[in-house]
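the amino acid sequence is not available; the structure is as follows:
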């Protein structure tokens with residue numbers, strides 16, 4: 001049997017296979033509360049060794065996109081409980097991705113029209129989020145100028161992350177994935193091309209990593225380090241992230257620091273298909289050598305490239321995003337060499353059932369073809 005399809009012990013969480021369903025925003029949560037369709041969507045895909053949910057904001061302040069779920073109210077927790085129950089009934093495991101977008105937001109998404117927060121008071125140039133325009137209609141809007149977090153503000157946001165982690169456990173998740181990629185809040189501190197602070201959270205490598213590591217430690221203390229994963233995007237350029245001096249050493253130093261914390265995993269996201277910002281191939285091997293825990297790699301993988309990564313020991317788990325949208329039974333298709341159903345980008349975000357919960361498993365689609373014939 002392919003190593004990709006074999007079981008794996010992820011720091012105490014036993015996975016049925018090494019295929020991870022990567023987090024994907026679907027923008028179908030009208031009131032930020034997961035509903036029955038959300039539960040069905042994830043239940044359908046429970047054959048993944050591990051599901052990581054779409055990004056879920058830890059607070060209203062952390063919101064950058066309309067129609068995304070949260071994990072900061074009792075109603076949201078209850079909605080997620082139905083999701084985790086369904087996945088577990090199918091024998092699957094599920095982590096929730098928790099996020100704070102930082103400056104990738106708009107005043108229409110903030111309480112009382114407040115400015116978003118970030119490491120700095122500089123907006124991400126040339127970028128948009130999904131909020132309400134001047135006429136009150138939902139759609140892409142230019143980012144609002146953020147305010148730089150104070151030291152007390154950083155402590156407050158860290159507390160919000162800890163609360164979200166605890167809420168996630170109450171919701172029945174097997175663990176959490178901290179969103180530290182894609183130019184969102186943590187990367188706004190890590191990236192020296194963005195972070196121009198002159199206090200203990202800016203400047204030196206140690207200072208730029210401080211917020212991320214302190215937050216990881218606080219969440220690990222609250223729910224256990226083996227239930228905490230983190231997603232990173234080394235060399236990522238989404239949302240006005242730029243190259244900077246000492247970039248390679250920054251990520252490799254972080255890898256070593258995260259090794260010391262005995263986490264569930266570190267998840268590397270390659271952004272080549274998103275913004276032509278690929279992780280250099282030689283860097284992935286360097287990161288693998290620096291990080292000794294479970295390593296996930298995601299980014300336009302095929303079954304063949306995933307098997308190569310796992311068989312070579314570069315990755316322990318392989319993350320798949322868009323193929324899971326149109327192939328809820330993706331692992332079974334891999335196992336049986338069944339063809340994949342192509343995905344439709346037009347139905348990725350928003351909308352109803354189409355492109356969300358209406359994709360059939362392979363045997364259903366074959367039976368339909370036989371009946372139609």
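Done, it's in. Bear in mind the structure is a predicted one, so any value in this text is a computation, not a measurement.

tell me the helix or strand right after the longest strand belonging to the chain.
If you go by DSSP state E, the chain has its longest strand at strand 50-57. The helix or strand immediately downstream of strand 50-57 is helix 74-89, counting by DSSP states H and E.

strands paired with the helix or strand following that next one, and their directions?
As assigned by DSSP H and E, the chain's next helix or strand after helix 74-89 is strand 94-99. Partners of strand 94-99 in the sheet, by DSSP bridges, are strand 50-57 (parallel), strand 175-179 (parallel).

where does pLDDT dip in the stretch 1-150 of the chain?
Scanning the stretch 1-150 of the chain for pLDDT under 70 picks out 1.

mind checking the SS state of residue 256?
In three-state terms, and counting by DSSP: H, G, I helix; E, B strand; the rest coil, residue 256 is helix.

and for the nearest residue to it once chain neighbours are set aside, the neighbour number?
Closest residue to residue 256 apart from its sequence neighbours, by CB to CB, 6 or more residues apart in numbering: residue 290 at 5.2 Å. Where C-beta positions appear, they are placed from N, C-alpha and C, glycine not excepted. Residues lying near residue 290 (other CB atoms under 10 Å) number 16.

how about the helices in the protein?
Under the criterion DSSP state H, the chain carries helices at the ranges 36-44, 74-89, 151-170, 185-190, 205-223, 247-259, 272-275, 281-290, 303-312, 322-326, 330-336, 362-372.

pull the contacting residues for the residue lying closest to residue 111 once chain neighbours are set aside.
Distance criterion CB to CB, 6+ apart; nearest residue to residue 111, sequence neighbours excluded, is residue 60 at 5.3 Å. Counting by CB atoms under 8 Å, 6 or more residues apart in numbering, residue 60 touches 70, 72, 109-111.

also residue 46?
Applying CB under 8 Å, 6+ apart to residue 46 gives the contacts 86-87, 90-92, 94.

next one, pLDDT for the residue lying closest to residue 102 once chain neighbours are set aside please.
Nearest residue to residue 102, sequence neighbours excluded (CB to CB, 6+ apart): residue 185, at 3.3 Å. Residue 185 is assigned 98 on the pLDDT scale.

which residues touch residue 185?
When contacts are counted by CB under 8 Å, 6+ apart, residue 185 touches 62, 99-103, 117-119, 157.

those: which two are farthest apart?
99 and 119 (15.4 Å; CB to CB).

contacts only, for the closest residue to residue 44 other than its chain neighbours.
Using CB to CB, 6+ apart and skipping residues adjacent in sequence, the residue nearest residue 44 is residue 328, 4.0 Å away. Listed by CB under 8 Å, 6+ apart, the contact set of residue 328 reads 44-45, 47, 359, 361.

how does it look with 10 Å?
Residues counted as contacts of residue 328 (CB atoms under 10 Å, 6 or more residues apart in numbering) are 21, 40-48, 341, 357, 359-362.

can you check residue 211 too?
By CB under 10 Å, 6+ apart, the contact set of residue 211 is 119, 149, 154-155, 157-158, 185-186, 188-190, 195, 200-202.

tell me the spacing between it and residue 240.
Computed as CB to CB, to the nearest Å, the residue 211 to residue 240 distance reads 19 Å.

circling back: reformat the contacts of residue 46 as JSON lines; add neighbour count and distance to residue 224.
Shown next, in JSON lines, are the contacts of residue 46 (neighbours: other CB atoms under 10 Å; distance: CB to CB, whole Å):
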{"residue": "86", "neighbour count": "20", "distance to residue 224": "24"}
{"residue": "87", "neighbour count": "24", "distance to residue 224": "20"}
{"residue": "90", "neighbour count": "13", "distance to residue 224": "24"}
{"residue": "91", "neighbour count": "9", "distance to residue 224": "22"}
{"residue": "92", "neighbour count": "22", "distance to residue 224": "20"}
{"residue": "94", "neighbour count": "25", "distance to residue 224": "16"}
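
name all residues that make contact with residue 131.
63-66, 105-110, 137-144.

hmm, back to that, turn the strands paired with strand 94-99 into JSON lines, columns for distance to residue 259.
Below are these laid out as JSON lines (distance: least, CB to CB, whole Å):
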{"stretch": "strand 50-57", "distance to residue 259": "20"}
{"stretch": "strand 175-179", "distance to residue 259": "16"}
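
could I get those in JSON lines, plus columns for mean neighbour count and distance to residue 245?
Putting the strands paired with strand 94-99 into JSON lines (neighbours: other CB atoms under 10 Å; distance: least, CB to CB, whole Å) gives the following:
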{"stretch": "strand 50-57", "mean neighbour count": "26", "distance to residue 245": "30"}
{"stretch": "strand 175-179", "mean neighbour count": "27", "distance to residue 245": "25"}
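
so for residue 124, which of these sits nearest?
Closest approach to residue 124 among those (CB to CB): strand 175-179, 15.7 Å.

between that closest one and helix 151-170, how many degrees?
Relative orientation of strand 175-179 and helix 151-170, computed by axes from the mean of the first three to the mean of the last three CA atoms, to 10 degrees: 150 degrees.

what about strand 175-179, average pLDDT?
Mean pLDDT, strand 175-179: 98.

where in the stretch 201-350 of the chain is pLDDT low?
273, 275-276.

need the contact list for residue 348.
In this structure, residue 348 makes contact with 24-27, 321-322, 325, 355-356, judged by CB under 10 Å, 6+ apart.

of all the residues you listed, which comes closest to residue 4?
Nearest member of the contacts of residue 348 to residue 4, counting by CB to CB, is residue 321, at 16.0 Å.

so who does that closest one touch?
By CB under 10 Å, 6+ apart, the contact list for residue 321 reads 20-24, 52, 269, 273, 298-301, 343, 348.

same deal with residue 230?
Residues in contact with residue 230, defined by CB under 10 Å, 6+ apart, are 97, 176-181, 186, 212, 215-216, 219, 254, 258, 261, 263-267.
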